[in-house]
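J.: Build me a model:
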Amino acid sequence: MSEPFAFPSADETFEDFEIIAEVGRGSFARVYRVLAPGHDEPVALKLTAMPGMEVDTMQRAIREIAVLRALSSPHVVRLFDSSIGDGYVYLVMELLVGNQLDRMHDMDEPMQVAQAVETILQVCLGLAEAHAKGVVHRDIKPANIWVQPDGLVKLLDFGLARAWGVPWVYGRNATAARTVVGTPHYCQPEQLHTAQLTPASDVYSLATILYELLSGHATLFAHQRISEVIEALHDDPLAWLDAHAAREVVPITRYPGCAGLPDSLLALLDRALAKDPHARPQLAGGMASTLGDILHHDLDATPAATVEIRSGGSARQVPLVPGRRRVGAGEVCAIQVTGGSLLDVHAHIEWSGSPRLAQIRPAAPGAPIVVDGVPVDHVATLGPGSEVVIGGVTLHLRYPDPPER
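T.: Residues are numbered from 1 along each chain as shown. Purely as a prediction, here's the structure:
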């Protein structure tokens with residue numbers, strides 16, 4: 001029998017990494033701040049031990065590697081490298097500054113409305129790319145949402161992610177096993193009936209967090225603070241599942257400060273917290289766009305950017321509001337352009353608002369896009385004044401002026 005894996009300590013060397021400090025730990029994993037070859041600044045090393053080559057632990061680590069390699073959103077933690085060794089798996093990732101959402105903010109207290117909406121908008125954009133690739137996160141919770149001091153939000157931990165529609169490892173039917181996937185507090189009512197979690201399941205978890213940020217209360221328990229509910233049900237995950245399935249959502253307007261929430265925000269919460277997953281927004285990208293509209297139009301909390309469209313010697317300007325916006329020839333597009341080689345939906349622009357930069361990505365393989373003279377086959381970041389050419393049409397993006405100090 002092989003010896004159990006021994007985690008290194010600070011000031012030691014592991015593989016080619018010089019360990020500076022341990023910055024986090026879980027049951028089978030630790031995260032270190034390290035110096036790594038090829039990086040001028042410290043990076044994060046996530047090291048997962050696999051006792052006896054534990055299958056579930058190995059699968060979770062490998063799954064996270066596979067998902068992170070495929071994602072490029074600035075709202076997902078960035079993966080630089082990974083490897084599997086004798087009894088361990090490691091990931092080299094960007095070193096994040098800040099804290100998890102539930103440590104940065106007291107969840108028993110309401111967050112300022114625009115800040116709460118913008119926080120979940122950014123998580124939605126990080127999740128939108130995964131959903132577009134057919135991946136469901138399945139463990140959306142405040143501890144997996146990282147908030148940097150500059151307000152940039154990143155989604156963490158894709159270890160429980162699955163391809164949409166593929167049966168999960170614990171079996172085909174959640175009712176028979178009564179096994180809760182993810183964190184019980186943020187699980188979905190459909191887990192009582194099916195093992196097939198979809199992007200709409202992630203949307204339910206996102207809406208649960210948004211409700212809590214806005215109200216300081218749990219969605220299903222009217223007379224207790226969030227911390228009180230967590231303590232009461234700490235050792236009873238199936239009680240959480242039964243509550244999500246059977247209890248009605250407490251109207252958020254009963255809580256101080258929530259009666260004046262915009263009708264559009266109340267309507268979104270109502271849809272996204274529906275017991276029936278088919279009644280919810282089906283993808284995080286759609287939820288992101290709705291939240292962007294609320295931020296701009298209802299809360300007047302973020303200005304729009306401007307896209308100038310030049311074609312055939314004429315020019316016109318259209319606003320770009322935060323969210324996931326379609327670009328193409330179809331009527332469904334927020335940025336509608338026409339040209340001989342343009343698809344109905346040719347590209348998506350994803351933007352969480354200033355001072356952050358937007359990204360553009362093709363909506364279909366092979367949809368031609370050129371940004372600042374460089375062809376784009378996957379994704380490109382749009383700097384101030386970036387020139388985008390699609391189907392013979394030129395787009396110029398102008399961000400809003402920074403606020404005066």
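J.: where along the stretch 51-200 of the chain do the helices fall?
T.: Taking DSSP state H, counting those that start in this stretch as the criterion, the stretch 51-200 of the chain contains helices spanning 55-70, 101-104, 113-132, 174-177, 199-215.
J.: what comes into contact with the helix or strand just after the last one?
T.: Which is helix 199-215. Downstream of helix 199-215, the first helix or strand assigned by DSSP states H and E is helix 226-232. By Cβ atoms under 8 Å, 6 or more residues apart in numbering, the residues outside helix 226-232 that reach it are M107, D108, H185, E212, G216, H217, A218, F221, Q224. All C-beta atoms are positioned from the backbone trio N, CA, C, and that covers glycine.
J.: any chance of the residues you listed in CSV, plus neighbour count?
T.: Formatted as CSV, the contacts of helix 226-232 follow (neighbours: other Cβ atoms under 10 Å):
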residue, neighbour count
M107, 20
D108, 15
H185, 23
E212, 24
G216, 21
H217, 24
A218, 24
F221, 16
Q224, 15
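J.: Tell me where the stretch 151-300 of the chain is predicted with low confidence.
T.: Applying pLDDT under 70 to the stretch 151-300 of the chain flags residues 164-182, 195.
J.: residue ranges of the strands in it, please?
T.: 153-155, 162-163 (DSSP state E, counting those that start in this stretch).
J.: Now do the same contact list for the nearest residue to T183 once chain neighbours are set aside.
T.: Nearest residue to T183, sequence neighbours excluded (Cβ to Cβ, 6 or more residues apart in numbering): K141, at 4.6 Å. With contact taken as Cβ under 8 Å, 6+ apart, K141 is in contact with D102, G182, T183, H185, Y186, S205, I209.
J.: can you tell me how far K141 sits from T48?
T.: 19 Å (Cβ to Cβ, to the nearest Å).
J.: Out of the helices of the stretch 51-200 of the chain, which is closest to P256?
T.: Nearest to P256 among the helices of the stretch 51-200 of the chain is helix 199-215 (8.7 Å), distances taken as Cβ to Cβ.
J.: Just send the contacts of helix 226-232 back as CSV, with distance to V374 too.
T.: Shown next, in CSV, are these (distance: Cβ to Cβ, whole Å):
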residue, distance to V374
M107, 43
D108, 48
H185, 45
E212, 42
G216, 47
H217, 49
A218, 48
F221, 53
Q224, 54
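J.: Of these, which pair is most distant in space?
T.: For those, the farthest-apart pair by Cβ to Cβ is H185 and G216; their separation is 14.9 Å.
J.: hmm, back to that, go through the strands of the stretch 151-300 of the chain and pick out the most buried.
T.: By mean neighbour count, with neighbours taken as mean count of other Cβ atoms under 10 Å, strand 153-155 ranks first of those at a mean of 22.
J.: by contact count, what packs against that one?
T.: Strand 153-155 makes packing contacts with helix 113-132, strand 145-147 when contacts are defined by 3 or more Cβ pairs under 8 Å, 6 or more residues apart in numbering; DSSP states H and E.
J.: what are the pairing partners of the last one, and which direction each?
T.: Think strand 145-147. strand 99-100 (antiparallel), strand 153-155 (antiparallel) (DSSP bridges).
J.: Quick check: buried residues in stretch 134-153?
T.: 135-142, 144-147, 152-153 (16 or more other Cβ atoms under 10 Å).
J.: tell me which residues of the longest strand seen in the chain are tucked away?
T.: If you go by DSSP state E, the chain has its longest strand at strand 17-25. The neighbour-count check on strand 17-25 (16+ other Cβ under 10 Å) flags F17, I19, E22 as buried.
J.: Let me know the closest of those residues to T302.
T.: E22 (37.5 Å).
J.: If the closest one is in a bridge, with which residues?
T.: Beta-bridge pairing for E22 (DSSP bridges): Y32.
J.: OK, contacts around W351?
T.: L125, G292, A305, L320, P322, G323, R325, L357, A358, Q359.
J.: could those residues be laid out in a markdown table, adding secondary structure, distance to L197 and neighbour count?
T.: As requested, the contacts of W351 are exported to a markdown table (DSSP: H, G, I helix; E, B strand; the rest coil; distance: Cβ to Cβ, whole Å; neighbours: other Cβ atoms under 10 Å):
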| residue | secondary structure | distance to L197 | neighbour count |
| --- | --- | --- | --- |
| L125 | helix | 20 | 31 |
| G292 | helix | 25 | 27 |
| A305 | strand | 34 | 22 |
| L320 | strand | 32 | 25 |
| P322 | coil | 27 | 30 |
| G323 | strand | 24 | 28 |
| R325 | strand | 27 | 24 |
| L357 | coil | 32 | 16 |
| A358 | strand | 30 | 24 |
| Q359 | strand | 27 | 22 |
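J.: Mind putting those into a markdown table with distance to L397?
T.: What follows is these, written out as a markdown table (distance: Cβ to Cβ, whole Å):
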| residue | distance to L397 |
| --- | --- |
| L125 | 17 |
| G292 | 16 |
| A305 | 6 |
| L320 | 7 |
| P322 | 13 |
| G323 | 15 |
| R325 | 11 |
| L357 | 9 |
| A358 | 7 |
| Q359 | 11 |
